[in-house]
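Asker: Attaching a predicted model along with its sequence, questions to come.
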Amino acid sequence: MERLSTGNSRLDEVLGGGLVLDAITLVVGAPGTGKTILAEQCLFTNATLERPGLYLSTVSEPFDKLLRYGQSLDFFDVAQLGQSVFFDDLGATVHAAGLGGVLDRIDSLMKQHAPGVVVIDSFKALRTFATDAAEFRRFLHDLAGRLSVLAVSSLWVGEYEPGEATNSPEFAVADGVIGLEMRRSAERSIRYLSVRKLRGSDFLSGDHVYRITASGLVVFPRLADLRDHAEYETISDRVGTGIAALDEALEEGYWSGSTTLIAGPSGAGKTIMGLHFVYAGAALDEPGVYVTLQENRTQLARVIGRFGWSIDDPNVTIMDRSPVDLYVDELVYELLDRIAAIGAKRLVIDSLNDLIVATSDPMRLREFLYSLVQRCARQGVSLMFTYETMELFRITRLSELGMSHISDNVVLLQHFQDGSDMKRALTVLKSRGSMSSTVIREFKISVDGITLGEPINLGAFAR
């Protein structure tokens, strides 16, 4: 089927390539979810001099307001107005002549402009002008017939509630239905887009996070990869951790493309280990990405400088993001784009705890983590997560998300008390495909890096 771009490549991906050409698409959602912006985005993206775009307002939003607020958006090209994009108001017509008058007015405008795309906003508002349900159904039938004969792609915008799909004939007439909604979780509101119907076409199911920006709707498709059974090339070389003694405990380091979980309490050295890992790769000319959701760039630069590294190292990309307004879906696509752009071979995410807090749906986070791990493995990108445990001493459990199960390596850091001194201990709990040592060892952090001491018996030390 031929497609009509929405103006956002990832939304086109969700739709299986874009909106179906010459079809009727309902765009539904509560006020403020971005329906009008999406409709205008589609209109300006596809309008041409030969097949212009026609935007018809009804009785929901004043005509001048549509134009005034629309001009604040990047895609709203004023030069197209009156040339390839036309706005018209059906409000006066429907008040004076009812739905029959609306059909006549649309006929006249179609003959005048010969548009390729038509938007009616708000379509739901027209229902109130029908004398009964039968008249409205006849109006729908006649309008759909006209649009079909003229091979026009149309978007009908309306403030429909989720339950209205079962008793509103518009949903039966429409070839596609796109739902926009905003959900509140604690102090945050997150926008979700879903494709509820797309006749004759496949699409990506589920809820997809989106943002409203000056460029229009930017969509981040739900990352939930199915298991790919196709074989892919693996690299048998080991990846150095940047810590010589730990490489020895892991049997000369990690497998390339493996996933490692560094778990431990606050102050145990998780961030330092992540930095050692990514900067060790940089020294080998292996580009890396370090994502911090805790320190800002200035704070992290102080830590990095203590070990003789530079935050401006061309082989290390530092991405500092705030967990306050973090969309995990947005972050993962930003990561995938960055990995592809620089050919990254190492990725550190500090920390998993912040991802958990930022995602209200545990299942969504599980899907994201699984998909990211699988994509990194196939691309030969070695991935490291840090995770802060609640217990300072004698840790009895790790991540509640089952992250230790999908990790190839699990390194546990702990505090222990030796008299009046607080010390650190390290052990490799798991190293898939390796004969790693599970001995608990003391380790120290200095400006020279991380060094491991002799094996210790934690049971001999008081808590």
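Answerer: Ah, there it is. Residues are numbered from 1 along each chain as shown.

Asker: mean confidence for stretch 6-21?
Answerer: For stretch 6-21, the mean per-residue pLDDT is 94.

Asker: Would you mark the buried spots in that stretch?
Answerer: 6-8, 10-12, 14-20 (16 or more other C-beta atoms under 10 Å). To be clear about C-beta, it is placed using only N, CA and C from the backbone, and glycine gets the same treatment.

Asker: what helix or strand does Met384 sit in?
Answerer: strand 382-388 (DSSP states H and E).

Asker: other SSEs contacting that strand?
Answerer: Judged by 3 or more C-beta pairs under 8 Å, 6 or more residues apart in numbering; DSSP states H and E, the packing partners of strand 382-388 are strand 259-264, helix 270-283, strand 346-350, helix 352-358, helix 362-379.

Asker: Mind checking the ones you listed for the one nearest to Asp247?
Answerer: Taking C-beta to C-beta, helix 270-283 is the member of these nearest to Asp247, at 9.4 Å.

Asker: With only the CA atoms kept, save stretch 283-299 in PDB.
Answerer: Coordinates of each C-alpha in stretch 283-299 appear next as PDB, following Å, rounded to 0.1, in the frame of the first residue of the first chain:
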ATOM      1  CA  ALA A 283      42.700   3.900  25.300                       C
ATOM      2  CA  LEU A 284      42.300   1.000  22.900                       C
ATOM      3  CA  ASP A 285      40.500   3.300  20.400                       C
ATOM      4  CA  GLU A 286      37.100   1.700  21.200                       C
ATOM      5  CA  PRO A 287      34.600   4.500  21.400                       C
ATOM      6  CA  GLY A 288      32.300   4.400  24.400                       C
ATOM      7  CA  VAL A 289      29.200   6.100  25.800                       C
ATOM      8  CA  TYR A 290      28.800   6.900  29.500                       C
ATOM      9  CA  VAL A 291      25.200   7.700  30.600                       C
ATOM     10  CA  THR A 292      25.000   9.300  34.000                       C
ATOM     11  CA  LEU A 293      21.600   9.900  35.600                       C
ATOM     12  CA  GLN A 294      23.100  11.100  38.900                       C
ATOM     13  CA  GLU A 295      26.000  13.600  38.400                       C
ATOM     14  CA  ASN A 296      25.900  16.500  36.000                       C
ATOM     15  CA  ARG A 297      28.800  17.000  33.600                       C
ATOM     16  CA  THR A 298      30.600  19.400  35.900                       C
ATOM     17  CA  GLN A 299      30.400  17.000  38.900                       C
END
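
Asker: isn't Asp247 right up against Thr241?
Answerer: Yes: counting by C-beta atoms under 8 Å, Asp247 does reach Thr241; the two are 5.4 Å apart.

Asker: who's more crowded, these two?
Answerer: Thr241 (27 against 17; other C-beta atoms under 10 Å).

Asker: Report the secondary structure state of the more buried one.
Answerer: coil (DSSP: H, G, I helix; E, B strand; the rest coil).

Asker: Contact partners for it?
Answerer: Shown in contact with Thr241 (C-beta atoms under 8 Å, 6 or more residues apart in numbering): Asp247, Leu250, Gly253, Tyr254, Met273, His276, Phe277, Ala280.

Asker: closest to Glu295 among those residues?
Answerer: Using C-beta to C-beta, those come closest to Glu295 at Met273, 14.9 Å.

Asker: nearest spatial neighbour of that closest one, skipping sequence neighbours?
Answerer: Spatial nearest neighbour of Met273, chain neighbours left out: Ile262 (5.3 Å); criterion: C-beta to C-beta, 6 or more residues apart in numbering.

Asker: Tally up the residues packed near the one you found, please.
Answerer: Count around Ile262 with other C-beta under 10 Å applied: 29.

Asker: can I assume it is in contact with Phe385?
Answerer: Yes: taking contacts as C-beta under 8 Å, Ile262 lies within contact range of Phe385: 7.1 Å.

Asker: what bridges to Arg3?
Answerer: Beta-bridge partners of Arg3, counted by DSSP bridges, are Val20.

Asker: tell me the SS of the spatially closest residue to Ser122 that is not a sequence neighbour?
Answerer: Nearest non-adjacent residue to Ser122, counting by C-beta to C-beta, 6+ apart: Ser60, 3.8 Å away. Per three-state DSSP, the local secondary structure of Ser60 is coil.

Asker: doesn't Phe123 make contact with Ser60?
Answerer: No: between Ser60 and Phe123 there is no contact under C-beta under 8 Å: 9.3 Å.

Asker: neighbour count winner among these two?
Answerer: Phe123 (26 against 17).

Asker: measure the more buried one to Val59 for me?
Answerer: For Phe123, the distance to Val59 equals 11 Å [C-beta to C-beta, to the nearest Å].

Asker: could you pull out the strands for the stretch 151-300 of the chain?
Answerer: Here the stretch 151-300 of the chain has its strands, by DSSP state E, counting those that start in this stretch, at 153-158, 176-185, 188-198, 208-213, 216-220, 238-239, 254-255, 259-264, 288-292.

Asker: Let's have these in a markdown table, adding distance to Ile37.
Answerer: Output for the strands of the stretch 151-300 of the chain, formatted as a markdown table (distance: least, C-beta to C-beta, whole Å):
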| stretch | distance to Ile37 |
| --- | --- |
| strand 153-158 | 10 |
| strand 176-185 | 10 |
| strand 188-198 | 11 |
| strand 208-213 | 6 |
| strand 216-220 | 6 |
| strand 238-239 | 45 |
| strand 254-255 | 45 |
| strand 259-264 | 38 |
| strand 288-292 | 30 |
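
Asker: Fine, thanks again, bye for now.
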